[in-house]
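Asker: sequence plus the predicted model coming up.
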Protein chains: 2
Amino acid sequence: MAKKNKPQRIKARLPKGFRDIGAEEIAATRAMLEAIRGVYESYGFAPLETPFIEYADALGKFLPDDDRPNEGVFSFQDEDEQWLSLRYDLTAPLARHVAQHYDHLPKPFRSLRAGWVFRNEKPGPGRFRQFMQCDADTVGSASPLADAEVCMMATDALERLGIARGDYVLRVNNRKILDGVLEGIGQADATARLTILRAIDKLDRLGADAVRALLGEGRLDESGDFTRGAGLDADQIGHVMAFVEAGLQGGSRADILARLARLVGGSETGKAGIAELEEMAAFLDAVGYGDDRIAFDPAVVRGLDYYTGPVFEAELTFEIDGEDGNRVRFGSVGGGGRYDDLVARFTGQSVPATGFSVGVSRLYAALRHLGKLAAARQAAPVVVLVMDRQHVAGYWRMVEELRAAGIMAEMYVGTSGLKAQMKYADRRGAPLAVIEGEQEREQGIVQIKDLVEGRRKAAAIASRQEWVESRPAQVAVPRGELVGKVREMLAAQAAEGGS
Amino acid sequence: MAKKNKPQRIKARLPKGFRDIGAEEIAATRAMLEAIRGVYESYGFAPLETPFIEYADALGKFLPDDDRPNEGVFSFQDEDEQWLSLRYDLTAPLARHVAQHYDHLPKPFRSLRAGWVFRNEKPGPGRFRQFMQCDADTVGSASPLADAEVCMMATDALERLGIARGDYVLRVNNRKILDGVLEGIGQADATARLTILRAIDKLDRLGADAVRALLGEGRLDESGDFTRGAGLDADQIGHVMAFVEAGLQGGSRADILARLARLVGGSETGKAGIAELEEMAAFLDAVGYGDDRIAFDPAVVRGLDYYTGPVFEAELTFEIDGEDGNRVRFGSVGGGGRYDDLVARFTGQSVPATGFSVGVSRLYAALRHLGKLAAARQAAPVVVLVMDRQHVAGYWRMVEELRAAGIMAEMYVGTSGLKAQMKYADRRGAPLAVIEGEQEREQGIVQIKDLVEGRRKAAAIASRQEWVESRPAQVAVPRGELVGKVREMLAAQAAEGGS
């Protein structure tokens, strides 16, 4: 950019992938978080907040897109030259917290955390670099019951939010089973394992053929970029795909486990994975969480590097219009899994841990689509117009009385005249405007304009003539009846769904 | 640090100035924000959230400590080399938002924002680099009524939080009056003005002598650092100090304004400042917000560079133990003012704006000191112990029943035995533990241990012998009466203040 000699004017804009959030989404998100928190707290998970900034080494680098600079994390140097990072999830900071306070925590340590996380990723439509998660984790229990519990709790939360049974499914797999399959085909190397895992993780988005390519030599995508594959041969690919697709034929949790048991063969790791899922299944069966809610699906692997056992993914199964116009499943709104080695990065000792993370921003979009968002009680204030600046104290009394009655209300505090004030009230979406001019004051009355009714009439009326004749609904009441009349008119608007 | 050849173990620690926040503070802060938001929304201020990350130039540099690198702001470069910053307050992002959407916003535009902000400052005791603010602003009105309103609303919020009238005061000054005084002594230069302003801002912390020194040649502080002064001569210093101290003699808002009017002499800017405060005072008088709530005090200047008119500071006036053991006033919990030029950085056109920012973290400390924090309904879950892993489904039914009755409850999901489970329940601060062993199951009963009573007895009991004889309170009830009995015991604990 060329510099000007004049005082430089700065462009008002946001970096890509960031956005401002308005009143409606804020209120709905708050209600959502309260519902989720209500469920999680009832299970005995206690709130915890970690800071947004941590030492980069404490958070580690576990994000899927390791081919990008910074590996997806916003990082910068502190004054003492140590690298700091913005948190990219709520799991890595929990591991740091547990390691730091291990001796003083009750074990298992059950916490719930909600807040913004940041990814230095390429933004896209609906893909932001700041988004909200709500996590619950049980640290210090190796029992599959702990895994089962966070899954059950997550489905309870989805239902509490108004997502009907049948409109979601929480899919469960176990990384150990995949490890067993890879052992069976002679692929125990960690790097190859990660490449294979990330190939499988793309099944939903890219389909089986692409995954096959990524398991083999690699894949040329539509933009012409080539992604190197895991280098498996045809037999090996067949074996991995048999595993991945073992869920496609359907069946109960037990049916799928039986199929998987055959695929892991003699691998001890694989058998341990099967045993864990069996224990989860037995518990889920016994307490009545059917496979319509929590299903087993070997295609779920999760992209994050730190999972060591069961992995979970919550999917909304109803269809929406996709970007290309075709109907697509809404897709993932959260996930998680067991990460027994994350605390060990600090302590050197493995600490069993499992958790589930809800993608709050994604879930907001889903609830919005379903029409299940909690509405704010009153979307906009009653506006008391200032007809005569000499009498602001009198107008102020009106808003005070309205507020004391629990009605959102404001006195116009700008400096413009009546016409601009009416335009203001309209632009704010105010339900009512209150007017007291000199004449009204002398008569001891106030005028209350029904702006919702006015907007409706204005929309329905064909000619200006007709508009002038009908005039927006307006009533005059004695000053002493202001609050009662306003309450009555707001109730009428609410009953008509007009507020 | 020397590198080891063994896999490097990472130290679990947080950068200085950052901290983890526990359940109690989270619940109390949430309740505080709900109370403040309730007041602000009732006034017609609508929630808005801006992102944590903005372009550095859009936020600008207005922080007081401009002698430090980065000027107090955490900044880093994006992939396209543009500088990004973490927001350091909630005002600069609002100005960006308003400039970006100006044509589509109702004017005045009234918003409320709550969230974390970040300062790259030297941390100290109780001084964090991440803290929470809750702001309300009216953008688009030049009327002093808009200034008065945000002040009134802030005092309403303080009282809603339980801070008694008399325990707080919101002090108001006007930058234009100071400008008038400076004009009078021939000091209209912007840089000198800022140095003078920041000297005055230190009155509370350093006292009048230090301010005099900072207005003159400068000051050597206790650590041996020399701060260059504004270079005023004795006469000029006397004039500025007369202004600063014009509030010390007390008196009504009108008395203080009369004194200030004499000090600004013929300066038009100064007179405009007086006139604005007069209009605020007339309105505050008319609607009954006395100077016990909102006082005028010329010593209030605020350190931020962007204020252009009235400035506000809310102070809690009760005393607490200071760091040196002496009693000190609790001090500031928020502030604000008019910033008519902040939007103009983008648009080139002045947009009148005023607002008030509550320091939520500071206010939390104050409410905690006053014992006014909202307590969580139930601090810890009832813990159902797992005596027999064969019967986890039965234990699970118990927690399900308790939760369905609105009682926070959890089944132990760890893998340890009875003793460790009891220790766990105790460490969590659980109010009750539920026990069903084989014997109880056969008899169709459950044991409920009152852990609060148990802890109290344990504390009061002198000898181990006595402890063994008394045993922590424990009752046996039929399985079908579990929920009723738990509810009854929790109510009894709450009545005794033991929960």
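Answerer: Received, thanks.
Asker: distance of residue A:29 from residue A:365?
Answerer: Distance of residue A:29 to residue A:365, given as CB to CB, to the nearest Å: 11 Å. C-beta: built from backbone N, CA, C; applies to glycine.
Asker: do the same with residue A:179
Answerer: To residue A:365, residue A:179 is 34 Å away according to CB to CB.
Asker: tell me which of those two has more neighbours.
Answerer: The neighbour comparison of residue A:179 against residue A:365 (other CB atoms under 10 Å in any protein chain shown) goes to residue A:179, with 22 against 16.
Asker: residues in contact with that one?
Answerer: A:188, A:193, A:267, A:269-270, A:273 (CB atoms under 8 Å, 6 or more residues apart in numbering or on different chains).
Asker: buried subset of the residues you listed as a ChimeraX selection?
Answerer: Only the buried entries of these go into this ChimeraX selection, using 16 or more other CB atoms under 10 Å in any protein chain shown:
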select /A:193,267,269,270,273
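Asker: could you dump the contacts of residue A:179 into TSV and include secondary structure and distance to chain B?
Answerer: What follows is the contacts of residue A:179, written out as TSV (DSSP: H, G, I helix; E, B strand; the rest coil; distance: CB to the nearest CB, whole Å):
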residue	secondary structure	distance to chain B
A:188	coil	19
A:193	helix	18
A:267	coil	24
A:269	helix	20
A:270	helix	22
A:273	helix	18
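Asker: tally of neighbours for residue A:183?
Answerer: 18.
Asker: contacting residues around the residue nearest to it when sequence neighbours are not counted?
Answerer: The shortest distance from residue A:183 to any non-neighbouring residue, by CB to CB, 6 or more residues apart in numbering or on different chains, is to residue A:267 (4.4 Å). Applying CB under 8 Å, 6+ apart to residue A:267 gives the contacts A:179-181, A:183-184.
Asker: try it again at 6 Å.
Answerer: Contacts for residue A:267 (CB atoms under 6 Å, 6 or more residues apart in numbering or on different chains) come out as A:180, A:183-184.
Asker: likewise residue A:228?
Answerer: Contact analysis of residue A:228 by CB under 6 Å, 6+ apart lists residue A:218.
Asker: just residue A:339 next, same as before
Answerer: By CB under 6 Å, 6+ apart, the contact list for residue A:339 reads A:306-308, A:353.
Asker: on that earlier part again, want to try a markdown table for the contacts of residue A:267, with pLDDT and secondary structure as columns?
Answerer: Converted to a markdown table, the contacts of residue A:267 look like this (pLDDT from 0 to 100; DSSP: H, G, I helix; E, B strand; the rest coil):
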| residue | pLDDT | secondary structure |
| --- | --- | --- |
| A:180 | 91 | helix |
| A:183 | 90 | helix |
| A:184 | 88 | helix |
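Asker: from those, pick the one nearest residue B:58.
Answerer: For those, the minimum distance to residue B:58 (CB to CB) is 52.6 Å, reached by residue A:180.
Asker: the stretch 201-350 of chain A: strands as residue ranges?
Answerer: Counting by DSSP state E, counting those that start in this stretch, one finds strands in the stretch 201-350 of chain A at the ranges A:218-220, A:226-228, A:294-296, A:310-321, A:327-338.
Asker: how about the last one: buried residues?
Answerer: Neighbour-count burial for strand A:327-338, with 16+ other CB under 10 Å as criterion, is recorded at A:330-338.
Asker: now the helix or strand where residue A:153 lies and strand A:310-321, what's the angle there?
Answerer: Taking DSSP states H and E as the criterion, the element that holds residue A:153 is helix A:144-160. Calculated by axes from the mean of the first three to the mean of the last three CA atoms, to 10 degrees, helix A:144-160 forms an angle of 20 degrees with strand A:310-321.
Asker: give me the contacts around helix A:144-160.
Answerer: Contact with helix A:144-160 is made by A:35-36, A:39, A:43, A:136, A:138, A:168, A:170, A:276, A:279-280, A:283-284, A:289, A:293-294, A:310, A:312, A:314, A:354-356, B:413, as judged by CB under 6 Å, 6+ apart.
Asker: what do you get if the cut-off is 7 Å, keeping everything else the same?
Answerer: Defining contact as CB atoms under 7 Å, 6 or more residues apart in numbering or on different chains, one finds that helix A:144-160 is touched by A:35-36, A:39-40, A:43, A:108, A:136, A:138, A:165, A:168, A:170, A:172, A:276, A:279-280, A:283-284, A:289, A:293-294, A:310, A:312, A:314, A:334, A:336, A:338, A:354-356, A:358, B:392, B:413.
Asker: are any of those residues buried, and if so which?
Answerer: A:35-36, A:39-40, A:43, A:108, A:136, A:138, A:168, A:170, A:172, A:276, A:279-280, A:283-284, A:289, A:293-294, A:310, A:312, A:314, A:334, A:336, A:338, A:354-356, A:358, B:392, B:413.
Asker: of the contacts of residue A:339, which is the most crowded?
Answerer: For the contacts of residue A:339, neighbours tallied by other CB under 10 Å; top is residue A:353, 29 neighbours.
Asker: right, and that one touches residue A:142 too?
Answerer: No: counting by CB atoms under 7 Å, residue A:353 does not reach residue A:142; the two are 9.1 Å apart.
Asker: including pLDDT, could the buried residues of strand A:327-338 go into a markdown table?
Answerer: Putting these into a markdown table (pLDDT from 0 to 100) gives the following:
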| residue | pLDDT |
| --- | --- |
| A:330 | 90 |
| A:331 | 91 |
| A:332 | 92 |
| A:333 | 95 |
| A:334 | 96 |
| A:335 | 96 |
| A:336 | 97 |
| A:337 | 97 |
| A:338 | 97 |
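Asker: which bits of the stretch 151-300 of chain A sit near chain B?
Answerer: Neighbours of chain B within the stretch 151-300 of chain A, by CB under 7 Å from any CB of the partner chain: A:283, A:286-287.
Asker: try it again with 6 Å
Answerer: With CB under 6 Å from any CB of the partner chain as the criterion, the stretch 151-300 of chain A meets chain B at residues A:286-287.
Asker: sketch out the low-pLDDT regions of the stretch 151-300 of chain A for me.
Answerer: Within the stretch 151-300 of chain A, no stretch falls below the threshold (pLDDT under 70).
Asker: appreciated, that's everything.
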